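Asks: Starting from these lines, generate the structure:
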Amino acid sequence: MPLDHRPYMQAGRPYGGGYGFSLPRPPRVTLGLILACAAVFLLGISPGLRAVLHDSLSLPSSKPAEVWRLITFQFVHAGSGHFLWNMIGLYFFAPPLERAWGGRRFLAFYLFCGVFAGVCYLLLSLFVGAPTFLVGASGGILACLMACAILYPHFLVIIFPIRWVAGFYALFFFLGVVYERDLSGAAHLGGMVAGAIWLWVLPRAHAAGAGLRGRLREGAWQRKLQQRQAEQEELDRILQKIHDQGLGSLSPKECRTLQQASRRQRDEQQKLRRL
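Replies: Numbers count the residues shown, from 1 in each chain. A predicted model of the protein is given here:
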């Protein structure tokens, strides 16, 4: 858990007032995720209901077409230890991101990374072949760890810099996937990769797309200006011809061009009146 608690402090005091040790209340979306996981965990205390929850909400490798499970598996846990450690990670690594981004953007990030983790699990399961299932919020939480490592390198986890911790986990899961075909490791690594994609790849892709759209709009505007200039030059030539030779000297095409110019001028005047 991070010891560098500057994001949780205000004017030298923990949020909530008072002095001494105090755990701050997580922001709304983080708290909602914790409560949702806790509710599913408490419902699963009953052995019969636990089986129903796992059958209904987990992500089995045998049912890749049931796409809603890419969301629901993130709220189910295999046991008390699994649930406890995931909630500790969510409590410490999610709030800095939610406070920086806002609840809606953070929730999109968290669920996107969890879905990406589930997809990585399904892809590796195609090669492994053994029927298994995936549960747990680890994919989204490890994405939060990766995001905090990128955005807040001054954080400490116990006594270790957060980037060391993120690098260790990434290497550990990578080796598990490569040498042992570890399906849960694929999900964990996928969550971390998704966090890096969200922060490094998507903004650059968005900027590149915005630049391309801007160039396309600029090109379209330039073409429109050139077309208008050519139309104006043709209209000036026709008017000069009328001045020199009279209206009867116009060809049918020149008459149509003159009529179109008159119609366009009337339409523009009507638009100006409405403004």
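
Asks: Go through whichever strand or helix holds residue 48 and flag the buried ones.
Replies: For residue 48, the element it lies in under DSSP states H and E is helix 47-57. Residues 50, 53-54, 57 are the ones in helix 47-57 that count as buried (16 or more other Cβ atoms under 10 Å). Where you see a C-beta, it was placed from the backbone N, CA and C, and this is true even at glycine.

Asks: Turn those into CSV, including distance to residue 151.
Replies: Output for the buried residues of helix 47-57, formatted as CSV (distance: Cβ to Cβ, whole Å):
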residue, distance to residue 151
50, 37
53, 34
54, 35
57, 31
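
Asks: From those residues, pick the one nearest residue 231.
Replies: Set against residue 231, the nearest of the buried residues of helix 47-57 by Cβ to Cβ is residue 57 (63.8 Å).

Asks: which SSE is the residue nearest to the closest one when sequence neighbours are not counted in?
Replies: Nearest non-adjacent residue to residue 57, counting by Cβ to Cβ, 6 or more residues apart in numbering: residue 72, 4.0 Å away. When elements are assigned from DSSP H and E, residue 72 belongs to helix 69-72.

Asks: Just list what that helix packs against, helices and strands only.
Replies: helix 47-57, strand 59-60, helix 103-128 (3 or more Cβ pairs under 8 Å, 6 or more residues apart in numbering; DSSP states H and E).

Asks: In the host helix or strand of residue 143, which residues are buried?
Replies: If you go by DSSP H and E, residue 143 is part of helix 138-151. Residues 138-150 are the ones in helix 138-151 that count as buried (16+ other Cβ under 10 Å).

Asks: if I read this right, residue 60 contacts residue 122, doesn't it?
Replies: No - using Cβ atoms under 8 Å, residue 60 is not in contact with residue 122, being 9.5 Å away.

Asks: Over to the residue located most distally from the centre of the chain: give its phi and psi.
Replies: Computed with Cα atoms, centre = their mean, the maximum C-alpha offset from the centroid of the chain is found at residue 245, amounting to 67.0 Å. As for residue 245, its main-chain torsions (degrees, to the nearest 10) stand at phi -120, psi -10.

Asks: Can you check the pLDDT for it?
Replies: As summarised for this prediction, residue 245 has a pLDDT of 77.

Asks: Over to residue 1?
Replies: 42.

Asks: likewise residue 248?
Replies: Value for residue 248, per-residue pLDDT: 71.

Asks: repeat for residue 78
Replies: 89.

Asks: re the thing from before, of the buried residues of helix 138-151, which pair is most distant in space?
Replies: The widest separation within the buried residues of helix 138-151 (Cβ to Cβ) is 18.5 Å, between 138 and 150.

Asks: so for stretch 82-97, what's the average pLDDT?
Replies: pLDDT averaged over stretch 82-97 gives 95.
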